[in-house]
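> Sequence isn't available, so here's the structure alone:
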């Protein structure tokens, strides 16, 4: 029996809290470091940030001998290609996904969708309804949190509870967590989240500059790339491995557990 490719969206309506960065980090970590097969559909019109990063990464591994060597060694040791990134407008995203799955030489485990940060954009709600899982990054900023909870609540009410889509789980994830912030604040917020009937992941991502380490001419350790895995030295203390482990546990559990 052919295994179904899971459709995943790291999705929120608030900009600047890491949905695109998290999509890249998880995709690359799972594909290059954990042995899964991944594809990404960039629907975030008009900037298409993930596709833009892939173009920059390609340029680096083609023109810079240092990155060319890293990429060659990785391709040889993994014996697998870089994960595909396709650009699509939201209304055509599912059609694009089906085409990727059909044309892929290998069975895909996960297909990540980077959608526009507004429910009002054409095709966003209907595409979200076709996701198997949605992960919404949140921060302890009151305005951001209220916006994110409103977004998650809307998906819960309009799609999940009505059974009008495929969504098996919607999970919130604390992102940009400042170690200096009052833990009591998070406890209060989590109580509100629980009262709304929403699920929140136990693991979280700290606020750290390493998340912005992309390919540069300075040849510093890389954390965020579409062609290379996060440097093992930078993963330590980033919680990316813990978030990925919990992410996989949720998916294997097949629901909101």
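Looks like it came in fine. The shown structure was predicted, so the numbers you read here are calculated from the model rather than taken from an experiment.

> Residue 55 versus residue 61, what's the distance?
Relative to residue 55, residue 61 is positioned 11 Å away (CB to CB, to the nearest Å). For every residue, glycine as well, the C-beta is placed using N, CA and C.

> More neighbours: those two, which one.
Neighbour count, other CB atoms under 10 Å: between residue 61 and residue 55, residue 61 has more, with 22 against 13.

> how many neighbours does the nearest residue to that one once chain neighbours are set aside have?
The spatial neighbour of residue 61 that comes closest, neighbours along the chain excluded (CB to CB, 6 or more residues apart in numbering), is residue 71 at 4.1 Å. A count of nearby residues for residue 71, using other CB under 10 Å, gives 20.

> likewise residue 174?
21.

> beta partners of it?
residue 138 (DSSP bridges).

> my read: it touches residue 200, true?
Yes. Proximity of residue 174 to residue 200 meets the contact threshold set by CB atoms under 8 Å, at 7.4 Å.

> can you pull the pLDDT of residue 255?
The per-residue pLDDT reported for residue 255 equals 53.

> Following the chain past the strand or helix carrying the residue nearest to residue 61, name the next helix or strand.
Per DSSP states H and E: residue 71 is located in helix 65-78. Moving toward the C-terminus from helix 65-78, the next helix or strand (DSSP H and E) is strand 85-87.

> which other residues reach that next one?
Here strand 85-87 makes contact (CB atoms under 8 Å, 6 or more residues apart in numbering) with 39, 40, 41, 42, 43, 48, 50, 51, 54, 96, 100, 226.

> residues contacting the fourth one?
It refers to residue 42. 48, 49, 50, 51, 85, 86, 87, 88, 114.

> Give the burial count for the last one, as a bare number.
Residue 114 has 25 neighbouring residues, counting by other CB under 10 Å.

> That one contacts residue 41, correct?
Yes. At 7.2 Å, residue 114 counts as touching residue 41 under the criterion of CB under 8 Å.

> List phi and psi for residue 58.
Dihedral angles of residue 58 (phi, psi; degrees, to the nearest 10) stand at phi -60, psi -40.

> Spatially, which residue comes closest to it, not counting chain neighbours?
Spatial nearest neighbour of residue 58, chain neighbours left out: residue 227 (7.0 Å); criterion: CB to CB, 6+ apart.

> Local confidence estimate at the residue nearest to residue 198 when sequence neighbours are not counted?
Distances taken as CB to CB, 6+ apart place residue 152 nearest to residue 198, at 5.5 Å, with adjacent residues excluded. Listed pLDDT for residue 152 reads 92.

> and residue 152, what is it in contact with?
Taking CB under 8 Å, 6+ apart, one finds 136, 170, 172, 196, 198 in contact with residue 152.

> The stretch 51-200 of the chain: helices as residue ranges?
With DSSP state H, counting those that start in this stretch, the ranges of helices along the stretch 51-200 of the chain come out as 65-78, 93-103, 124-128, 142-155, 183-195.

> most neighbours per residue, which of those helices?
When these are scored by mean count of other CB atoms under 10 Å, the highest mean neighbour count falls to helix 124-128 (a mean of 22).

> Just give me how far that one sits from the chain centre.
The chain centroid and the centroid of helix 124-128 are separated by 16 Å under CA atoms, centre = their mean, to the nearest Å.

> Turn the helices of the stretch 51-200 of the chain into JSON lines, columns for distance to residue 244.
What follows is the helices of the stretch 51-200 of the chain, written out as JSON lines (distance: least, CB to CB, whole Å):
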{"stretch": "helix 65-78", "distance to residue 244": "17"}
{"stretch": "helix 93-103", "distance to residue 244": "22"}
{"stretch": "helix 124-128", "distance to residue 244": "22"}
{"stretch": "helix 142-155", "distance to residue 244": "21"}
{"stretch": "helix 183-195", "distance to residue 244": "21"}
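
> Between those, which one is closest to residue 249.
Shortest distance between residue 249 and the helices of the stretch 51-200 of the chain, using CB to CB, is found for helix 183-195: 19.0 Å.

> Name the spans of the stretch 101-250 of the chain whose pLDDT lies under the cut-off.
182 (pLDDT under 70).
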